[in-house]
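> Using only what follows, build the 3D model:
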Amino acid sequence: MRIGRTLSGLAFGVAVESPGLTIKQSEGGPARAVVGCNWNLAFQAFVCFCNYVAPCTIPSAVQEQQMALTNTVLHAGPNNIGLVMMPAFSYKAGQLYLIEHQIIKSLSMRSIHMDTSFSLVYERRSDARDNRPCNLQGRIAHSNTFEMRKSGWRNCPLMTVGRTEPAKQVPNKQLIMVEDLSEESLPSADSERVQGGRRFEQLGEDAAMKLLQATIDTVDFGERTMLVLVDVSPGVGNMMTAFVKLKGNRPMYYFAACESDVHQAWLHETTLSIMQEDFVAGRLTIPGITPAAVTPPDGVIESQPPRPDLQLLVWMADVPNIPGCPQGVKFPVELLNKWNKHPRFAEPFQTFYDEVRAYCGEEVEDTSHQVPE
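Numbering: from 1, shown residues only. Have a look, this model is predicted:
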């Protein structure tokens, strides 16, 4: 799995290389992508995901690059389809139909058909005051030469039922923001709350998982086929984390085209951190790799060395609930009476006494073994 590098301005550079797969975009020049694979075209399928729930959060130049990459992917093979989430947020009232029309028109001018609709369904709103919809509309996109009734996608739930299983909506307090992780970056002046279109575009990991399952489950191409998910609008990484946890019996790859280097660095670090936590906790399995135990096995831990006998000082009581591990050492009363008022060594003895007390601290009585009265 790799993450694409940059998608911004009039040109971008990305590269993904996995066994049998290469996706490249040349540096500089026009926005054209080269999608290549040494697999037989009949045994590979690309799914291009475009999240335009809140297109007002995406700069127009970046949208143009996203649509150019979508166009290249959908026309690169006979089994490639796209999932385009339709607008559900606009800062101006009554403008959603115009924005949706513009997106469909822009893709249709690239010989992309979007006649089939689907719904991404949520169980309920996370909060009674939340105005995010529980039913997001989407379109299935494909090239003008694609034949759905003859493809391996024809029996997937998204085609037969036209909707996903109900997903859990992400609460407002759990929404996240992309941040600049570089050492020289300054704190953002924006509010820490996710507002406006940023709230609407975060589908959530559960919704992304339900959408992938509705797309990939029961897919049958007749032969073992490689699946590649091309995420042209990865956002905060909901689709990526869902893809990592997706279970399947075929080779699958993920490719993300990020808006900027800051976005790519944040997505890379954040996703790796989530994967590490899930792997250690056992929620993510990687074939052939077993997570290390939280506590080392008994055979690895060396036994505690025997407690030495002291000639002058005496041992304190053991640390509570840890038998055999003393809290430190202390001075017996006889030793204190002998040297505390010595005419010559009283002062250096007091210094030594204070150092020992500062290092070992006050003795705490271990009452864990006592029976309450």
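> Select the longest helix from this protein.
helix 261-281 (DSSP state H).
> Which SSE is immediately downstream of that helix?
Using DSSP states H and E, the helix or strand that follows helix 261-281 in sequence is strand 314-315.
> Give me the distance between residue 315 and residue 334.
Distance, residue 315 to residue 334, by CB to CB, to the nearest Å: 16 Å. Quick note: C-beta positions are derived from backbone N, CA and C, even for glycine.
> Look at those two and report which has more neighbours.
Between residue 315 and residue 334, residue 315 has the larger neighbour count (other CB atoms under 10 Å), namely 15 against 9.
> thinking again about what came up before, list the helices and strands the longest helix of the chain packs on?
helix 238-245 (3 or more CB pairs under 8 Å, 6 or more residues apart in numbering; DSSP states H and E).
> next structured bit after the helix it packs on?
Following helix 238-245 toward the C-terminus (DSSP H and E): strand 252-256.
> Each with direction, which strands does that following strand pair with?
strand 226-231 (parallel) (DSSP bridges).
> Run the angle between the partner strand and helix 238-245 for me.
Strand 226-231 runs at 160 degrees relative to helix 238-245, counting by axes from the mean of the first three to the mean of the last three CA atoms, to 10 degrees.
> Neighbours of residue 155, how many?
Residue 155, neighbours per other CB under 10 Å, totals 12.
> which residues touch it?
Residue 155 makes contacts with 218-220, as judged by CB atoms under 8 Å, 6 or more residues apart in numbering.
> so can I have CSV of those residues showing secondary structure?
Shown next, in CSV, are those (DSSP: H, G, I helix; E, B strand; the rest coil):
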residue, secondary structure
218, coil
219, coil
220, coil
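> In ChimeraX, how would I select just the buried ones from the residues you listed?
Selection of the buried residues among those in ChimeraX, burial being defined by 16 or more other CB atoms under 10 Å:
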select :219
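> Just the closest of the contacts of residue 155 to residue 101, please.
residue 219 (30.8 Å; CB to CB).
> For the residue nearest the centre of the chain, list the residues it contacts.
Within the chain, the residue whose C-alpha comes closest to the C-alpha centroid is residue 271; the distance, by CA atoms, centre = their mean, is 3.3 Å. Residues in contact with residue 271, defined by CB under 8 Å, 6+ apart, are 3, 237, 240-241, 244.
> redo that, cut-off 7 Å
For residue 271, the contact set (CB atoms under 7 Å, 6 or more residues apart in numbering) comprises 237, 240-241.
> next one: residue 157
By CB under 7 Å, 6+ apart, the neighbours of residue 157 are 214, 217-218.
> Compute the distance between it and residue 249, please.
Distance from residue 157 to residue 249, by CB to CB: 17 Å.
> Residue 100 now?
Counting by CB to CB, the gap from residue 100 to residue 249 is 36 Å.
> who's more crowded, the two?
Legend: neighbour count by other CB under 10 Å for residue 100 and residue 249, higher for residue 100 (18 against 6).
> Remind me which helix or strand that one belongs to.
Assigned by DSSP H and E, residue 100 falls within helix 96-108.
> could you say what helices and strands that helix packs with?
strand 112-121 (3 or more CB pairs under 7 Å, 6 or more residues apart in numbering; DSSP states H and E).
> The strand it packs on packs against which elements?
Applying 3+ CB pairs under 7 Å, 6+ apart, one finds that strand 112-121 contacts helix 96-108, strand 135-143.
> How far does that strand sit from its chain's centre?
Its chain's C-alpha centre and that of strand 112-121 lie 26 Å apart, by CA atoms, centre = their mean, to the nearest Å.
> Check stretch 349-369 too.
Taking the mean of its C-alpha atoms, stretch 349-369 sits 48 Å from the chain's own mean (CA atoms, centre = their mean).
> now what about that stretch, what contacts it?
Contact partners of stretch 349-369, identified using CB under 7 Å, 6+ apart, comprise 316-318, 320-321, 327-331, 339-340, 342.
> ok, and the closest non-adjacent residue to residue 54?
residue 197 (3.0 Å; CB to CB, 6 or more residues apart in numbering).
> For the closest residue to residue 222 other than its chain neighbours, report the pLDDT, please.
Nearest residue to residue 222 in three dimensions, chain neighbours excluded: residue 152, at 6.9 Å (CB to CB, 6+ apart). You'll see residue 152 listed with a pLDDT of 86.
> any idea which helix or strand carries residue 152?
Per DSSP H and E, there is no helix or strand for residue 152.
> what residues are up against it?
Counted by CB under 7 Å, 6+ apart, residue 152 has contacts 79, 219-222.
> Next: residue 325.
So residue 325 contacts 318-319 (CB under 7 Å, 6+ apart).
> With the one 4 residues further on instead?
With CB under 7 Å, 6+ apart as the criterion, the residues that contact residue 329 are 310, 313-316, 356, 360.
> domains of this structure?
As assigned by automatic domain parsing, the chain contains the domains 14-185+194-281, 314-360.
> Residue 126: neighbour count?
Residue 126 is flanked by 18 other residues according to other CB under 10 Å.
> same question, residue 84
A count of neighbours around residue 84, defined by other CB under 10 Å, yields 24.
> related to what we said a few turns ago, state the distance from the residue nearest to residue 54 to residue 255.
24 Å.
> So these two - more neighbours on which side?
The neighbour comparison of residue 197 against residue 255 (other CB under 10 Å) goes to residue 255, with 26 against 19.
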